[in-house]
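> task: produce atomic coordinates for the following.
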Amino acid sequence: MAKRLDFFERYLSVWVFCCMLAGVALGRLLPETTAWLSKLEFGRGSQVNVPIGVLLWLMIYPMMLKVDFTAIGAIAHKPKGLIVTLFVNWLVKPLGMAFLAWIFMQHVFAAWIEPETARSYTAGLIILAAAPCTAMVFVWSYLTDGDPAYTLVQVAVNDLIMLVAFAPIVMFLCGVAHVVVPAKVLITSVVVFIVIPLAAGWITRTALLKSRGREWFEGTFLPRFHPVMIGALLLTLVLIFAFQAANLTSRWFAVVLIAVPIIIQVYFNSGLTYGLMRLLRVERSVAAPGALIGASNFFELAVAVAITLFGADSPAALATVVGVLVEVPVMLSVCNVCNRSRGWYERGLVLSDTADQGRATQPRNAELGR
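Numbering: from 1, shown residues only. As a prediction, this is how the structure comes out:
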């Protein structure tokens, strides 16, 4: 029986589009209310919008509850798959997106985008690519018959690396793209949207697993957060699109342009990861979710950081939101490719094993001949 996404995840792009319409309508019909909401900040100059900050935290915290750091010990059994995933996630993906953003935003599409706006879009795309996916990875792994335990290891290791690598990567690549990123604000956003929810999720998970058991935690407690997470995501998008209403109505074509480098990045990174895994003879149950982890993005974190750094009505924030718009249909197509190529992938592993066996028997045959 073919595996399918839940109703909400399957039509996520539709919900995002509906939120876009609702947000633009709110921004155009109630401009004073929208302006008042956009000015609510946690302290003067913090750039962290109060309603969006609260909603984003409600989205990120439930995701962190799923991360099991005790699974990291399983790395020793299958290190090659993790090494490939980390190579693509933390080197190829951010550098590749910085290059694609620079090429398309500041050169190929230069006739349609002002230079300052192009640099802001570039910054948003860099932030989007610098954060590996956390939540939806489990969905993609399920759809491709991935190894759930190994997927969990990949997510846990990525989250730990994100604590120390996310901010330096964003600062370096944005600096190369001539976009000024305030170090203090970026570090604050990492603490607020990574460190605190990750620590809170770990403490909550550890305490509840010990007191109530895994069955209750995964079967009763975690499902309670699903509607909260969905509601927070949709309300966040409505507010962001409301703050972006003027830009969207006057520059709607920019959404199409921003989607181009994102789509190219997804297909290139997933193909590269899948190919490298096959070359290194990693089993398919690890390679398929690894390819999807290498291609997808932690768009919730990216949206939060872009808003914190540049404001909710900035082009950088819009660039990260476009990532939400294209993520699901593109990633579903990658899942489809991974499933359809199962035979090709596994034949490659069999041929490699056969060739190895042949090479191993050659010296023995020569010895017998003597």
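
> show me the contacts for residue 218.
Not one residue lies near residue 218 by C-beta atoms under 8 Å, 6 or more residues apart in numbering. Glycine gets a C-beta too; all of them are placed from N, C-alpha and C.

> quick one: average pLDDT of the helix or strand where residue 338 lies?
Take DSSP states H and E as the rule and residue 338 turns out to sit in helix 315-340. For helix 315-340, mean pLDDT is 85.

> which of the residues in it are buried?
Across helix 315-340, burial judged by 16 or more other C-beta atoms under 10 Å covers 315-328, 330-332, 334-335, 337-338.

> by contact count, what packs against the host helix or strand of residue 278?
Using DSSP H and E, residue 278 sits within helix 253-279. Applying 3 or more C-beta pairs under 8 Å, 6 or more residues apart in numbering; DSSP states H and E, one finds that helix 253-279 contacts helix 79-87, helix 93-103, helix 115-129, helix 284-295, helix 315-340, helix 342-369.

> which residues of the stretch 101-250 of the chain score low on pLDDT?
134-135 (pLDDT under 70).

> which parts of it are helices?
115-129, 137-143, 148-176, 183-190, 196-212, 214-216, 222-243, 245-250 (DSSP state H, counting those that start in this stretch).

> pick the most buried one from those.
helix 115-129 (a mean of 26; mean count of other C-beta atoms under 10 Å).

> show me what it is packed up against.
Using 3+ C-beta pairs under 8 Å, 6+ apart: helix 115-129 touches helix 93-103, helix 148-176, helix 253-279, helix 299-310, helix 315-340.

> and residue 14, which of these is closest to it?
helix 315-340 (9.2 Å; C-beta to C-beta).

> for that closest one, the distance to its chain's centre please.
9 Å (C-alpha atoms, centre = their mean, to the nearest Å).

> output the helices and strands packed on helix 115-129 in JSON lines; the columns should cover distance to residue 224.
Converted to JSON lines, these look like this (distance: least, C-beta to C-beta, whole Å):
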{"stretch": "helix 93-103", "distance to residue 224": "33"}
{"stretch": "helix 148-176", "distance to residue 224": "21"}
{"stretch": "helix 253-279", "distance to residue 224": "32"}
{"stretch": "helix 299-310", "distance to residue 224": "19"}
{"stretch": "helix 315-340", "distance to residue 224": "23"}
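
> ok, which of these comes nearest residue 217?
helix 148-176 (14.4 Å).

> what is the orientation angle of the closest one with helix 299-310?
Orientation check (axes from the mean of the first three to the mean of the last three C-alpha atoms, to 10 degrees): helix 148-176 against helix 299-310 gives 20 degrees.

> show me what helix 148-176 is packed up against.
helix 79-87, helix 93-103, helix 115-129, helix 137-143, helix 183-190, helix 284-295.

> of those, which is nearest residue 269?
helix 284-295 (4.4 Å).

> gap between the closest one and the chain center?
So, by C-alpha atoms, centre = their mean, the centroid of helix 284-295 is 13 Å from its chain's centroid.

> please apply the same query to stretch 231-244.
18 Å.

> can you show me the CA trace of that stretch as PDB?
Extracted as PDB, the C-alpha positions of stretch 231-244 are listed here (Å, rounded to 0.1, in the frame of the first residue of the first chain):
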ATOM      1  CA  GLY A 231      -2.000  27.000  13.900                       C
ATOM      2  CA  ALA A 232       1.200  28.800  14.800                       C
ATOM      3  CA  LEU A 233       2.700  28.200  11.300                       C
ATOM      4  CA  LEU A 234      -0.400  29.400   9.500                       C
ATOM      5  CA  LEU A 235      -0.900  32.500  11.700                       C
ATOM      6  CA  THR A 236       2.800  33.300  11.300                       C
ATOM      7  CA  LEU A 237       2.500  33.200   7.500                       C
ATOM      8  CA  VAL A 238      -0.600  35.400   7.600                       C
ATOM      9  CA  LEU A 239       1.200  38.000   9.600                       C
ATOM     10  CA  ILE A 240       4.400  37.900   7.500                       C
ATOM     11  CA  PHE A 241       2.300  38.200   4.300                       C
ATOM     12  CA  ALA A 242       0.400  41.100   5.900                       C
ATOM     13  CA  PHE A 243       3.600  42.900   6.700                       C
ATOM     14  CA  GLN A 244       4.800  42.100   3.100                       C
END
